[in-house]
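[1] Here is the input, now give the coordinates:
(4 chains)
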There are 2 protein chains.
Amino acid sequence: MKTKQKVVSEFRRTAIIDAARSVFARKGFTRSIIDEIAQEAEIAKGTVYLYFRSKKEIYRAVLDQDMEFVKKSTLERIDAAENLKDKIQAFALARLENAETRKEFFRIMDTESGALSYTRSQYRDWLREPVLRLAWAIEDASKRGEICCVSSEKAAWVIADMTKGTIQRRLIGQNNAPLSEDSEFLLSFIWAALAIPLRT
Amino acid sequence: MKTKQKVVSEFRRTAIIDAARSVFARKGFTRSIIDEIAQEAEIAKGTVYLYFRSKKEIYRAVLDQDMEFVKKSTLERIDAAENLKDKIQAFALARLENAETRKEFFRIMDTESGALSYTRSQYRDWLREPVLRLAWAIEDASKRGEICCVSSEKAAWVIADMTKGTIQRRLIGQNNAPLSEDSEFLLSFIWAALAIPLRT
DNA sequence: TGCAGTGATGACCACACAGTCATAATACAA
DNA sequence: TTGTATTATGACTGTGTGGTCATCACTGCA
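    Next up, the predicted model:
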């Protein structure tokens, strides 16, 4: 059973992380000010430092949590799908839907992919793992002759690129079309590129 | 004829911009320090402020110059190409080659796309114009029945996404393959998606 | 009611850095 | 050579902000 202490302590951590995510998404790491995060979490600045050692640590806590969540949910959906086409759709939909639900997190990732050195090393895996999983599936289908022969890894990466770009355009508001329109376009485009055709 | 003054003045401006580009690429806007830029340009800090009003103005000068160059050269190559396939290749190659030549600039763009509010408004056009030009070409070919019917704008954007992603991977060093390998993959992938097939 | 003990507070400190300015060096003209 | 104008310099200032810490408020127990 959780002690009263633990409950309060967890509550505070969560409040800080939530406030931080919101502020970081709006201003980016550098321009975010601890005082503002504290205010948004409805506590005093000093209290923040009872739960986190530094600004960077808060940043990491936000990203770690969200990256882990999105990565996991993407992997699960890929694995749940039976065939390649569904796996690709699973990947794209997982990303697109997560981006809708967790706008703030995706905004941070888009805006600051290279800002913190931390990111450089850690950032890659939340995308890389799902992409590699996709690459295996492509490799597999390729060997069986279900699709035309391509470099599976390159193909997986450009699929990720298109998905990411689509998400970015939606986040900026450049594209307000329903999500299904974007996902359908993506899927048909990708599948056209992979499927075995008899060219005209 | 240029006066001595003008020559020296232009020389200094260029030196500052070059130094700034290098520093910005390494550290990003916020972590770049004017003193370091000055040092790299082999002048004193005060001198920097004889040629630029502020740090932001230097940043803008760097980006304006490079964005203009890359945008122009991309547009020219697209326009020079005869048919759609060549135009797409022109776009991709222009980007990939420019990224090779102007690594520092591309690194800034990749790292800080959202860092400066300035970027938000201006950033888009250096990519948008070429992409829209590509979209017209796709629209055109689509109407003539040269390729299968797709949303031309969406298609143009995902082509840009894949190119951008490929460039990023090369910049990070995740991919050291010869440029031609990447460009050929891109082209074949894109063309497979667009070309009119008789599906199996 | 008084007394630990725990967690919260915000005034305060230290520091990094953009931008300034009095002074120095240099160029050029008479 | 001297005098004036132009450009360069770097010590200095002001500000914004991350992080600290002495003090306070609250809780629960005796």
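[2] Spatially nearest residue to the residue nearest the centre of chain A (excluding sequence neighbours)?
    Closest to where the C-alpha atoms of chain A average out (Cα atoms, centre = their mean) is A:Val70, at 5.2 Å. Computed as Cβ to Cβ, 6 or more residues apart in numbering or on different chains, the closest residue to A:Val70 that is not its neighbour in sequence is A:Asn98, at 4.9 Å. Just so you know, the C-beta spots here come from the backbone N, C-alpha and C atoms, and that holds for glycine as well.
[3] which helices and strands sit right next to the helix or strand containing the one you found?
    Assigned by DSSP states H and E, A:Asn98 belongs to helix A:84-101. Packing contacts for helix A:84-101, counted by 3 or more Cβ pairs under 8 Å, 6 or more residues apart in numbering or on different chains; DSSP states H and E, involve helix A:55-80, helix A:117-143, helix A:152-172, helix A:179-194.
[4] Check what pLDDT the residue nearest to A:Val70 gets.
    For A:Asn98, the pLDDT comes out at 98.
[5] doesn't A:Glu146 make contact with A:Leu84?
    Yes. Taking contacts as Cβ atoms under 8 Å, A:Leu84 lies within contact range of A:Glu146: 6.5 Å.
[6] Just want to know which of these two has more residues nearby.
    A:Leu84 (20 against 15; other Cβ atoms under 10 Å in any protein chain shown).
[7] Just want to check the distance between that one and DNA strand C.
    Distance of A:Leu84 to DNA strand C, computed by Cβ to the nearest atom of the strand, to the nearest Å: 49 Å.
[8] Now stretch A:106-124: average pLDDT?
    pLDDT averaged over stretch A:106-124 gives 72.
[9] about what we covered before: which residues touch the residue nearest to A:Val70?
    For A:Asn98, the contact set (Cβ atoms under 8 Å, 6 or more residues apart in numbering or on different chains) comprises A:Phe69, A:Val70, A:Ser73, A:Thr74, A:Phe106.
[10] so the fourth one sits right up against A:Phe91, yeah?
    Yes. Between A:Thr74 and A:Phe91 a contact is recorded at 6.4 Å, counting by Cβ under 8 Å.
[11] Overlap of the contact sets of those two?
    Common neighbours of A:Thr74 and A:Phe91 (Cβ under 8 Å, 6+ apart) are A:Pro130.
[12] ok, back up a step: now, of the helices and strands packed on helix A:84-101, which is deepest in the fold?
    helix A:152-172 (a mean of 22; mean count of other Cβ atoms under 10 Å in any protein chain shown).
[13] From the contact counts, what lies against that one?
    Secondary elements touching helix A:152-172 (3+ Cβ pairs under 8 Å, 6+ apart): helix A:84-101, helix A:103-112, helix A:117-143, helix A:179-194, helix B:152-172, helix B:179-194.
[14] ok, now with 6 Å
    helix A:84-101, helix A:117-143, helix A:179-194, helix B:152-172 (3 or more Cβ pairs under 6 Å, 6 or more residues apart in numbering or on different chains; DSSP states H and E).
[15] Out of those, flag the one nearest DNA strand D.
    helix A:117-143 (13.5 Å; Cβ to the nearest atom of the strand).
[16] From A:Arg60, how far off is the residue nearest to the centre of chain A?
    16 Å (Cβ to Cβ, to the nearest Å).
[17] next one: A:Thr101
    With Cβ to Cβ as the criterion, A:Thr101 and A:Arg60 are 21 Å apart.
[18] re earlier: put together TSV for the helices and strands packed on helix A:84-101, with distance to A:Lys4 on each row.
    Formatted as TSV, the helices and strands packed on helix A:84-101 follow (distance: least, Cβ to Cβ, whole Å):
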stretch	distance to A:Lys4
helix A:55-80	23
helix A:117-143	34
helix A:152-172	40
helix A:179-194	43
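[19] so A:Lys45 touches A:Asp35, yeah?
    Yes. At 5.4 Å, A:Lys45 and A:Asp35 qualify as touching, with contact defined as Cβ atoms under 6 Å.
[20] Give me the angle between whichever strand or helix holds A:Ala19 and helix B:103-112.
    Under the criterion of DSSP H and E, A:Ala19 resides in helix A:4-31. Angle, helix A:4-31 to helix B:103-112, by axes from the mean of the first three to the mean of the last three Cα atoms, to 10 degrees: 140 degrees.
[21] Give me the distance between helix A:4-31 and the centre of its chain.
    19 Å (Cα atoms, centre = their mean, to the nearest Å).
[22] Which strands or helices does that helix pack on?
    Counting by 3+ Cβ pairs under 6 Å, 6+ apart, helix A:4-31 packs on helix A:34-40, helix A:45-51, helix A:55-80, helix A:103-112.
[23] Could you give me the buried positions within it?
    Neighbour-count burial for helix A:4-31, counted by 16 or more other Cβ atoms under 10 Å in any protein chain shown, picks out A:12-13, A:15-17, A:19-25, A:28-29.
[24] Could you dump those into a markdown table with distance to B:Gln5 and pLDDT added?
    Listed next are the buried residues of helix A:4-31 as a markdown table, based on distance: Cβ to Cβ, whole Å; pLDDT from 0 to 100:
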| residue | distance to B:Gln5 | pLDDT |
| --- | --- | --- |
| A:Arg12 | 62 | 96 |
| A:Arg13 | 61 | 97 |
| A:Ala15 | 60 | 98 |
| A:Ile16 | 56 | 98 |
| A:Ile17 | 57 | 98 |
| A:Ala19 | 54 | 98 |
| A:Ala20 | 51 | 98 |
| A:Arg21 | 53 | 98 |
| A:Ser22 | 52 | 98 |
| A:Val23 | 48 | 98 |
| A:Phe24 | 47 | 97 |
| A:Ala25 | 48 | 96 |
| A:Gly28 | 40 | 94 |
| A:Phe29 | 42 | 95 |
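[25] Many thanks, have a good one.
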